[in-house]
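Enquirer: The sequence isn't on hand, but the structure is:
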């Protein structure tokens, strides 16, 4: 495919162009095409690290970049003049790439970016909720459970919610928290639960049960407040005795420590003397920052209720007592600061559900649906034991069947022929066995793909930057193709020319000192000793290597490495110090054991033509292509005269940065 060859072959492919910049002065003309100062600035900024960096560039650097841009334009202009835009291979490659990139782009813009933004916006406000959970066991009648939840909802106006939670909730924590989940923000609850909470006002409750993977939830919103950011906490931990349970001694010690702090003793000193948390003692008790929803409601109330540098009274836990100190408070970080973490959390917690909803809307919008009867007829027409990538399976299908739509769509339906082409050529599908289950799974996946593809065809009209990106890629394809036709395919290469090039540059092609050796490599020292014993008794090294060596690919070579630079590896360095035909005892090497035999050395010398041939051919083609490209560009400049206004170039990056954005 053309796409696999484009990137890396020419620096010009990296050049990205923006709009016409009608209000910007003309920097250059290429034939009848104008190239503005804004075009140059936008391209330079995109390739050179931002506006400020470009503003510090020298005129020499700008001129060099401008030359690259204009050469790119010349070549693309010539490609269009030759009609390459109408070439079927280029059209196919461009269309395929456009659909693929547009899908990724629009999913990012339509699903991910709004989802991440909502994720952050919800973090600006903490909500507090109570709930009653009705679990849905496997194979249970969900209708009966739904009706049970609805009956509980009817009791809410006349009974306290916490009493109902204690009576009905199947959340194991309901007996202690009476359904109260405390304050939380985005990402802390399952999406369905979170969405319901952020859609309600304080004291409202859900009029219908909210279903999640845990079951049916009846939710009451009990509080809303602006995010309180995070607090930094240090603590002193006093554990109960080794036999567990609360002890009067631990409690007395905790209050004694607390009173000393209140009387002016250093918190850090109390940590050093009394805390039993070995991990936090070196940090003067510091245990980091906590957001409100990272701790239980009763502890959060203490953390966020204390001013900075305040110390809490001893708090009892089942293993002992904590004394907490608030050492810092900071507000919610900015969207930019949290963006990476937010996006990761969104992808993990919400993306798949929101993507599925997005695809469902697109299916409805473009009337995408599977024709079940057509799929069944298709399945009955093929050998269901065949692998998709074996293209011969479709040879038994009639012309009539090949044109039958399996997936209907208002735009581009998918026929049996289309299905065959996709599963044969697409890595995702080519390894499947064409049985009934696999075909149906593939059809469902293709149904999703078709909906996305239909929407992707319209994406460039909604996203100007995407349209620009696709145009840039198309120009890259044209550049690659015209360079192949006009440069690489017009380079004359034959033995005579290569011989002449070698004769002129042969001093550049030299061998260092080289050594030839053979090796027997085993993973067990016992095998190495056995092989060495055979060599000691006169058996041929190659035969023993063929029998014993475990190095992949070297049994058939009888362990021979061939000539290589003396410093290429530890083995070659060792062989270079040995006399020809000498053999080492086994020695430890690469997690196993090696025995090597020195087979000979070759002193440093000039390579022969045959030895240097690969390097000579590459070097010659680089030189020849450079010369051919230079000649070609000169001819293009005659065909499309280039005129540069150097005074305009000197004005680059002088306008205010805000004007450029």
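Expert: Received the coordinates, thanks. Note that this is a predicted model, so its numbers are computed, not measured.
Enquirer: so where's the stretch 51-200 of the chain shaky on pLDDT?
Expert: Within the stretch 51-200 of the chain, not a single segment meets pLDDT under 70.
Enquirer: And the strands in it, which stretches?
Expert: 125-135, 180-184 (DSSP state E, counting those that start in this stretch).
Enquirer: what's the closest of these to residue 394?
Expert: Among the strands of the stretch 51-200 of the chain, the nearest to residue 394 by CB to CB is strand 125-135 (49.1 Å). C-beta here means a position set from N, CA and C on the backbone, and glycine is covered the same way.
Enquirer: Distance from the chain centre to that closest one, please.
Expert: 34 Å (CA atoms, centre = their mean, to the nearest Å).
Enquirer: which parts of it are buried?
Expert: By 16 or more other CB atoms under 10 Å, the buried positions in strand 125-135 come out as 126, 127, 128, 129, 130, 131, 132, 133, 134.
Enquirer: what's the answer for stretch 363-371, then?
Expert: Buried residues in stretch 363-371, defined by neighbour count with 16+ other CB under 10 Å: 363, 366, 368, 369, 370, 371.
Enquirer: Measure how far it is from the centre of its chain, please.
Expert: Averaging C-alpha positions (CA atoms, centre = their mean) puts stretch 363-371 30 Å from its chain's average.
Enquirer: Outline the domain layout of this structure.
Expert: Residue ranges for the domains of the chain, per automatic domain parsing: 125-226, 230-331, 510-606.
Enquirer: that older thread, quickly check the buried residues of stretch 363-371 for the two that are furthest apart.
Expert: Within the buried residues of stretch 363-371, 366 and 371 form the most distant pair, 15.2 Å apart (CB to CB).
Enquirer: Tell me the pLDDT of the closest residue in space to residue 602 that isn't next to it in sequence.
Expert: Leaving aside its sequence neighbours, residue 602 sits nearest to residue 514 (CB to CB, 6 or more residues apart in numbering; 4.5 Å). Looking at residue 514, its pLDDT is 95.
Enquirer: Look up how far residue 565 lies from residue 514.
Expert: Using CB to CB, to the nearest Å, residue 514 is found at 6 Å from residue 565.
Enquirer: try residue 509
Expert: Taking CB to CB, one finds residue 509 at 14 Å from residue 565.
Enquirer: got the buried residues for stretch 469-478?
Expert: Of the residues in stretch 469-478, 469, 470, 472, 473, 474, 475, 476, 477, 478 count as buried by neighbour count, 16+ other CB under 10 Å.
Enquirer: gap between it and the chain center?
Expert: The answer for stretch 469-478 is 23 Å, by CA atoms, centre = their mean.
Enquirer: Now distance to residue 339 too, for the strands of the stretch 51-200 of the chain, in TSV please.
Expert: Below are the strands of the stretch 51-200 of the chain laid out as TSV (distance: least, CB to CB, whole Å):
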stretch	distance to residue 339
strand 125-135	19
strand 180-184	21
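Enquirer: Mind putting the buried residues of strand 125-135 into JSON lines with distance to residue 233?
Expert: Output for the buried residues of strand 125-135, formatted as JSON lines (distance: CB to CB, whole Å):
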{"residue": "126", "distance to residue 233": "18"}
{"residue": "127", "distance to residue 233": "23"}
{"residue": "128", "distance to residue 233": "21"}
{"residue": "129", "distance to residue 233": "25"}
{"residue": "130", "distance to residue 233": "26"}
{"residue": "131", "distance to residue 233": "28"}
{"residue": "132", "distance to residue 233": "32"}
{"residue": "133", "distance to residue 233": "31"}
{"residue": "134", "distance to residue 233": "37"}
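Enquirer: Among these, find me the one that's closest to residue 573.
Expert: Closest approach to residue 573 among the buried residues of strand 125-135 (CB to CB): residue 126, at 65.8 Å.
Enquirer: Once you drop chain neighbours, what's closest to the closest one?
Expert: Among residues not flanking residue 126 along the chain, residue 183 sits closest, at 4.2 Å (CB to CB, 6+ apart).
Enquirer: Next, count neighbours for the one you found.
Expert: Residues within reach of residue 183, counting by other CB atoms under 10 Å, total 23.
Enquirer: still on that earlier bit, of the buried residues of stretch 469-478, which belong to helices?
Expert: Among those, the members falling in helices (DSSP state H) are 469, 470, 472, 473, 474, 475, 476, 477, 478.
Enquirer: which one of those residues is nearest residue 93?
Expert: Nearest to residue 93 among those, with distances taken as CB to CB, is residue 477, at 5.9 Å.
Enquirer: tell me how far the ends of stretch 392-412 are from each other?
Expert: Using CA to CA, to the nearest Å, the end-to-end distance of stretch 392-412 comes to 25 Å.
Enquirer: My guess is residue 517 contacts residue 561. True?
Expert: Yes - using CB atoms under 8 Å, residue 517 is in contact with residue 561, at 5.7 Å.
Enquirer: and residue 404, which of the strands of the stretch 51-200 of the chain is closest to it?
Expert: Of all the strands of the stretch 51-200 of the chain, strand 125-135 sits nearest to residue 404, with 46.2 Å by CB to CB.
Enquirer: if we can go back for a sec, the residue nearest to residue 126 pairs with what?
Expert: Beta-bridge pairing for residue 183 (DSSP bridges): residue 128.
Enquirer: Contact partners for residue 315?
Expert: Taking CB atoms under 8 Å, 6 or more residues apart in numbering, we find residue 315 in contact with 299, 302, 321, 322, 323, 324.
Enquirer: change it to 10 Å
Expert: 235, 254, 298, 299, 302, 321, 322, 323, 324 (CB atoms under 10 Å, 6 or more residues apart in numbering).
Enquirer: With residue 393 instead?
Expert: 382, 383, 384, 385, 386, 387, 420, 423, 424, 434 are the contacts of residue 393 under CB under 10 Å, 6+ apart.
Enquirer: how about a cut-off of 7 Å?
Expert: By CB atoms under 7 Å, 6 or more residues apart in numbering, the contact set of residue 393 is 382, 383, 386, 434.
Enquirer: what's the distance between residue 438 and residue 384?
Expert: Going from residue 438 to residue 384 by CB to CB gives 9 Å.
Enquirer: list the helices and strands the one helix or strand residue 218 maps to packs on?
Expert: Using DSSP states H and E, residue 218 falls within strand 215-226. Counting contacts by 3 or more CB pairs under 7 Å, 6 or more residues apart in numbering; DSSP states H and E, strand 215-226 is packed against strand 125-135, helix 142-155, helix 191-198.
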